[in-house]
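Q: Build me a model from this:
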Amino acid sequence: MIKLVVFDLDNVIIDGEAIDEIGKLANVEEDIAEITEKAMQGEIDFETSIKDRVQLLEGTSIEDIEKVADDLPLMNGACKTIECLKEKDVDVAIISGSFDVVAEKVSDKLGVETFYTNSFTVEDGKLTGEVTGPLVSGSKLDVLKDHVEEAGITLDEVVAVGDGANDISMIESAGCGIAFNAKDSVKEIADVVVDGKDLCKVLDEILNQLTTEEDEAVDDEETEEAVEASEEVEEAAEDAVEEAEETTEETEEASEEAAEDKKEDKKELPKSEFVLADTMEGVRKQKDEKEAEISKVADEREEFNKIAKEQRKIRDELNASLKENLNKAIEFRNQRNEINKEVETAKKARNEANNKIKTLEWSSGKRDKIKIENEIKKIDKIIETRVLDIKKENQLVKNANDLRKQLMEIHEDESVKTEAQELKKISEEEHEKVIELSEKAQEAHEEMLTYFRKTDDIRTAADEAHKKFIEARKNASAKHEEFKAILSDIHVINKKLGSNKPKKRRNDNKGGSGANKNREERERAEEIFAKFKQGGKVSTEEILLLQKYNIG
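A: Prediction:
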């Protein structure tokens, strides 16, 4: 993960070489530029070059230098790049062999709080020709190592951006090294090469790195999304399954308890405080009203029982589907994780091949060839662009020819070249695997999320069905209590009507068949009452039969 981006200052953050511009104040810009070029190409060490250049500035006014520093233009895209990196919570620092008088001006303009530079020695407002600082004799890598140690991060979490030979140490060691409008020697060792004076191109590369980190670790941000998003959903789904099972068990227990309660209730009806009419005609009217009322309540109770049964069935089916979808989601999650392991293996093999290629290229004489080719280009440019006397021109032509002879004598090790080509092929093959497997992992990840989202929808529907089931069961229970209260009132009415019935004289001749019929009806009434006590449905006709024999 990228946590720090380190920039060189001259020709990277600012569009120009600060010391060259300062050299104009002392009319030594050409001499300074020549030394600068040699240092950039790696022909002389940086410590020698910085001391020689600052020596040429002896006596220059520090006040004038500050004005030059203030006028130095920022590189195109510098403001946007720094601003965007800060928005992404990436720290920014400048490590440069340039000078604090310049870095301070840039810091004010861009808001870069951390910079490591050298300093002019000043007496009486004039430069003494001496220079001090951590980057006179020390390397940029030394400074970078101290910074990352203090910041509590590693070099792998750093992007280093530079253009010259003195940037090579930190570009090589950083997790990602970017050569920006750089010399060939820098481009050869960089992970990324950017040409064109626009730092937004560097920003794009860094953002790509950040995006790649997110995409490649389907385990990181997206999986942190799933593993957070999806794990939260997964946990919720698993909890939902457990809750559903508990709810089903609780409901079944509650239903059993309710059934037991109903049995107990029916053994003893509630005490009635029903007030009878003054006349028998009025009592009979009350009986008709109560019978119509109890029939209506019984139908309503059965309707609620029917709804409860339907909602319970829906809920149980949804809970079964919830388990099925959760298992599918877990299956795709495991598949994704296995593929990601293969991705990591391929990435490791690709990176190992790339590192070996870099080592082989430098050990094969390539570095010497690049250095000689650059020197030839430089001589050719001088011959083409400057007016020289014939003697000096002849000497330059001779030097160039001598260098060309040296170039022809350098032969890269063929076995090394062959090995490098084989490693490059391995790198490309492993990279293709990374891409192909990452796509498969992403597909499995999307499938996993789809099933987790389904579990969430199913759980919501199951919860709704369970609420409707509970509500219907409560309503059925309330109607049952109402039913019992009305039945109690009917018993009071029946007792009143029964006590006023005229006693019939027994007919011995016809009593046999009548008695048998009455006995059969009474037995049937007792069976109906037994069924009623067990929670069975009782029709209006059966209620009347109970009333006839005053049972219940």
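
Q: how deep is K323 tucked in, by neighbour count?
A: Using other CB atoms under 10 Å, the number of residues around K323 comes to 17. Glycine gets a C-beta too; all of them are placed from N, C-alpha and C.

Q: Please work out how many residues are found near the nearest residue to E66 once chain neighbours are set aside.
A: Once flanking residues are discounted, E66 sits nearest to V101: 5.9 Å by CB to CB, 6 or more residues apart in numbering. Counted with other CB under 10 Å, residues neighbouring V101 total 19.

Q: ok, now I382?
A: Count around I382 with other CB under 10 Å applied: 14.

Q: Sticking with it, tell me its helix or strand.
A: Per DSSP states H and E: I382 is located in helix 366-385.

Q: Next secondary structure after that helix?
A: By DSSP H and E, the next helix or strand past helix 366-385 is helix 390-409.

Q: for that following helix, packing partners?
A: helix 366-385 (3 or more CB pairs under 8 Å, 6 or more residues apart in numbering; DSSP states H and E).

Q: which other residues reach the helix it packs on?
A: 37, 41-43, 183-185, 188, 388, 393, 396-397, 399-400, 403-404, 406-407, 410, 412 (CB atoms under 8 Å, 6 or more residues apart in numbering).

Q: Show me where the stretch 451-552 of the chain has its helices.
A: For the stretch 451-552 of the chain, helices defined by DSSP state H, counting those that start in this stretch occupy the ranges 511-533, 540-548.

Q: Now do the first one, average pLDDT.
A: The average pLDDT for helix 511-533 rounds to 67.

Q: close enough to count as contact, the residue nearest to E66 and S61?
A: No: using CB atoms under 8 Å, V101 is not in contact with S61, being 11.7 Å away.

Q: For the helix or strand encompassing N340, give the mean pLDDT please.
A: Element membership of N340 [criterion: DSSP H and E] is helix 280-363. The average pLDDT within helix 280-363 is 88.

Q: what about the closest residue to R336 other than its chain neighbours, how many neighbours?
A: Spatial nearest neighbour of R336, excluding adjacent residues (CB to CB, 6+ apart): A444 at 3.9 Å. By other CB under 10 Å, the residues close to A444 number 21.

Q: Check A39 too.
A: 22.

Q: Report the spatially closest residue to it, excluding sequence-adjacent ones.
A: Spatial nearest neighbour of A39, excluding adjacent residues (CB to CB, 6+ apart): S49 at 3.6 Å.

Q: Which residues are in contact with that neighbour?
A: 35-36, 38-39.

Q: Would you mind giving the secondary structure of it?
A: helix (DSSP: H, G, I helix; E, B strand; the rest coil).

Q: Same question for S96.
A: strand.

Q: My read is that it contacts L135, right?
A: Yes: with contacts counted by CB under 8 Å, S96 reaches L135, the gap being 7.2 Å.

Q: hey, what's in contact with both of these two?
A: 116-117.

Q: So for those two, which sits in the more crowded spot?
A: S96 (29 against 22).

Q: Would you list the phi and psi of the closest residue to the more buried one other than its chain neighbours?
A: Closest residue in space to S96, ignoring its immediate chain neighbours: L9 at 3.5 Å, by CB to CB, 6+ apart. Per-residue torsions, L9: phi -100, psi -60 (degrees, to the nearest 10).

Q: ok now do L9, which residues does it touch?
A: If you count contacts by CB under 8 Å, 6+ apart, L9 has them with 18, 94, 96, 98, 102-103, 106, 115, 117.

Q: switch to 6 Å and redo it
A: 94, 96, 98 (CB atoms under 6 Å, 6 or more residues apart in numbering).

Q: Any stretches of the stretch 401-550 of the chain with poor pLDDT?
A: Along the stretch 401-550 of the chain, segments meeting pLDDT under 70 span 410-415, 499-519, 533-535, 537, 550.

Q: repeat that for 90
A: Applying pLDDT under 90 to the stretch 401-550 of the chain picks out residues 402-424, 427, 434, 452-456, 459, 479, 482-485, 487-550.

Q: And the residue nearest to R336, how far from S295?
A: A444 sits 61 Å away from S295, going by CB to CB, to the nearest Å.

Q: Same question for A179.
A: From A179 to S295 the distance is 94 Å (CB to CB).

Q: So for these two, which sits in the more crowded spot?
A: A side-by-side neighbour count of A179 and S295, using other CB under 10 Å, places A179 first with 27 against 16.

Q: Show me what that one bridges to in the sheet.
A: G162, V193 (DSSP bridges).

Q: That one and D191 touch, don't they?
A: No: using CB atoms under 6 Å, A179 makes no contact with D191, being 8.7 Å away.

Q: ok, back up a step: next one: the helix holding N340 to chain centre, how far?
A: Mean-position distance between helix 280-363 and its chain equals 24 Å (CA atoms, centre = their mean, to the nearest Å).

Q: got the angle for it vs helix 540-548?
A: Orientation of helix 280-363 against helix 540-548 (axes from the mean of the first three to the mean of the last three CA atoms, to 10 degrees) gives an angle of 130 degrees.

Q: Check which helices and strands helix 280-363 is in contact with.
A: Counting contacts by 3 or more CB pairs under 6 Å, 6 or more residues apart in numbering; DSSP states H and E, helix 280-363 packs against helix 231-267, helix 414-499.
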